[in-house]
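>>> Mind folding the following:
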Amino acid sequence: MDNRITTSIVTIGDELLIGQTIDTNSAWIAQQLNGMGIWVHRRVAIGDRRQDILDVLKQESALSDIVLLTGGLGPTADDITKPTLCEYFNTRLIQNEEALQHVLHIFESRGLPLLNRNLEQSMVPEACTVIQNARGSAPGMWFEKDGTIYVSMPGVPHEMQGMMESYVLPHLAAHFETPAVVHQTLITSGMGESFVAERLVAFEAQLPSYVSLAYLPNFSLLKLRLSAFGSDKLAVAAEVSILFHELKALLADILVTDRDIPMGQVLGELLLEKGKTVGTAESCTGGLIASWITAIPGSSAYFKGSVVTYANEMKMKLLGVQQDTLQREGAVSEAVVREMLAGALQQLNTDYGIAVSGIMGPSGGTPEKPVGTVWIAVGSREKVVTVKHHLRYDRDRNTQMTAVYAMNELRKLILQ
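Presented below is the predicted three-dimensional model:
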């Protein structure tokens, strides 16, 4: 769409360029803008250097209707965004009374000494509209120049998000007439991206020009997102809904969920619906499965606990795994995860359980059991399913894939 509103997101900070800090701000901002029909044209990361900031402001304003900046507004000497903005907008720093009172209140309420560098955070470019920061001491700034909107916000994610939600997003919505944008996402498991794409050749061929299908693989799951733009949101939503039901029908055998939600929520909602409980016995995942389940609010209604038994002696002591089984089969074996599952069901007194044991790497493998060998057992006292996987990635990815596979196996068992 040539008439769409475009945005450039600029993140400022040397820590981003050297990988010391991961840029989560851009992803969050992009999600919010996309939901209101504003297209993110570019995402740029730059260091704390005056000329780089000046250059990026000039370059991005030539490409986008909106330039959003985060970072460089702190109280230390390396935070140079405000004086550089003054140079770019040909203005000067002045003290904002409301920002000053806010800084004074923060330090007085906490009983902390107020330094000059903290007071300087109430200084803002005269040409800007000040965005008060309810979650911190550094205010944000809104500028308009030659038809482009510029917004500078703190790099602290919690503070930036507060400003976006309370001020920036509502003002952008009022300033621009944006198109309707509709997304619907489903998640599959058990079939590779290329094979899914082959199955959907005819479906994709019949999509209207304003509807697109995106493939988003991640840790043994594949997200498929239908996106559509248009002037009438109800009409666009109705058409996407019809297409989405067609897509679901084509992928019914590998469908995990028809919403863009984490696996912990998928499993949790199913357990809640069935009125059942679950616990985990984890070795190679080190509690990751339990962490994903308990990340969902309200998970105490169906999750009782986890037993993390990394060492063999703990598998025996806490879960009742037999020493003979460990010596005969090894810790990474079907027999051991079966006994781990049985022990978890007994100790945690749950309806269902998950047990995992594997070799995540990079070392520890043998010719018989190479790195990436994983055994999973899921089930209840009445029915148990075991699965063996041969993963081929690094330690972190192997661990996360094991967690996904295990939770999805339990989901499938519950639905049988």
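>>> Can you get me a residue count around Ser8?
Neighbourhood size, Ser8 [other CB atoms under 10 Å]: 24. In short, each C-beta sits where N, CA and C put it, glycine included.
>>> host element of it?
strand 6-12 (DSSP states H and E).
>>> quick one: strands adjacent to that strand?
strand 39-46 (parallel), strand 66-70 (parallel) (DSSP bridges).
>>> quick one: Leu54 and Leu85 touch, right?
No. Between Leu54 and Leu85 there is no contact under CB atoms under 8 Å: 9.4 Å.
>>> which SS class is Asp79?
coil (DSSP: H, G, I helix; E, B strand; the rest coil).
>>> Need the single longest helix in the chain, by residues.
helix 395-415 (DSSP state H).
>>> That helix packs against which elements?
Contacts defined by 3 or more CB pairs under 8 Å, 6 or more residues apart in numbering; DSSP states H and E place helix 395-415 against helix 263-274, helix 288-294, strand 352-358, strand 373-379, strand 384-390.
>>> Let me have the ones you listed in TSV, extended by mean pLDDT and distance to Leu216.
Putting the helices and strands packed on helix 395-415 into TSV (pLDDT from 0 to 100; distance: least, CB to CB, whole Å) gives the following:
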stretch	mean pLDDT	distance to Leu216
helix 263-274	98	15
helix 288-294	98	19
strand 352-358	98	25
strand 373-379	98	24
strand 384-390	98	22
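>>> Give me whichever of these is most buried.
Stretch with highest mean neighbour count among the helices and strands packed on helix 395-415: strand 352-358 (a mean of 28; mean count of other CB atoms under 10 Å).
>>> Give the partner strands of that strand in its sheet and their orientations.
Its sheet considered, strand 352-358 pairs with strand 278-282 (parallel), strand 373-379 (antiparallel) by DSSP bridges.
>>> among those strands, which is nearest Lys223?
Among the strands paired with strand 352-358, strand 373-379 comes nearest to Lys223, with 22.3 Å by CB to CB.
>>> measure Val266 to Ile293 for me?
Using CB to CB, to the nearest Å, Val266 is found at 10 Å from Ile293.
>>> Overlap in contacts, those two.
Contact criterion CB atoms under 8 Å, 6 or more residues apart in numbering; residues shared by Val266 and Ile293: Met407.
>>> What is the linear distance spanned by stretch 309-326 between its boundary residues?
Distance between the two ends of stretch 309-326: 13 Å, counting by CA to CA, to the nearest Å.
>>> Now do that stretch: everything it contacts.
With contact meaning CB under 8 Å, 6+ apart, stretch 309-326 is reached by 281-283, 286, 307, 331, 333, 335-336, 339-340, 342-344, 346-347.
>>> one step back: higher neighbour count, Leu54 and Leu85?
Leu85 (25 against 14).
>>> Which parts of the stretch 101-250 of the chain are strands?
123-125, 129-131, 140-145, 148-153, 180-189, 211-218, 221-230 (DSSP state E, counting those that start in this stretch).
>>> Pull the last one out as PDB, backbone CA atoms only.
This points to strand 221-230. Presented in PDB, the C-alpha positions along strand 221-230 are these (Å, rounded to 0.1, in the frame of the first residue of the first chain):
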ATOM      1  CA  LEU A 221       6.600 -25.000  16.100                       C
ATOM      2  CA  LEU A 222       5.500 -23.300  12.900                       C
ATOM      3  CA  LYS A 223       3.300 -20.200  13.100                       C
ATOM      4  CA  LEU A 224       1.300 -19.200  10.100                       C
ATOM      5  CA  ARG A 225      -0.100 -15.700  10.100                       C
ATOM      6  CA  LEU A 226      -2.700 -14.300   7.700                       C
ATOM      7  CA  SER A 227      -2.500 -10.500   7.400                       C
ATOM      8  CA  ALA A 228      -4.800  -8.200   5.500                       C
ATOM      9  CA  PHE A 229      -5.000  -4.400   5.000                       C
ATOM     10  CA  GLY A 230      -8.100  -2.500   4.000                       C
END
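>>> Can you check what angle separates that strand from strand 211-218?
Relative orientation of strand 221-230 versus strand 211-218 (axes from the mean of the first three to the mean of the last three CA atoms, to 10 degrees): 160 degrees.
>>> what's the answer for the fourth one, then?
Relative orientation of strand 148-153 with respect to strand 211-218: 20 degrees, computed using the same axes, to 10 degrees.
>>> which strands and helices sit next to strand 148-153?
By 3+ CB pairs under 8 Å, 6+ apart, strand 148-153 packs against helix 50-61, strand 66-70, helix 81-88, strand 140-145, helix 157-163.
>>> Just tell me which of those ends up closest to Ser122.
Shortest distance between Ser122 and the helices and strands packed on strand 148-153, using CB to CB, is found for helix 81-88: 10.9 Å.
>>> What residues of that closest one count as buried?
Neighbour counts over helix 81-88 (16 or more other CB atoms under 10 Å) mark Thr81, Lys82, Thr84, Leu85, Cys86, Tyr88 as buried.
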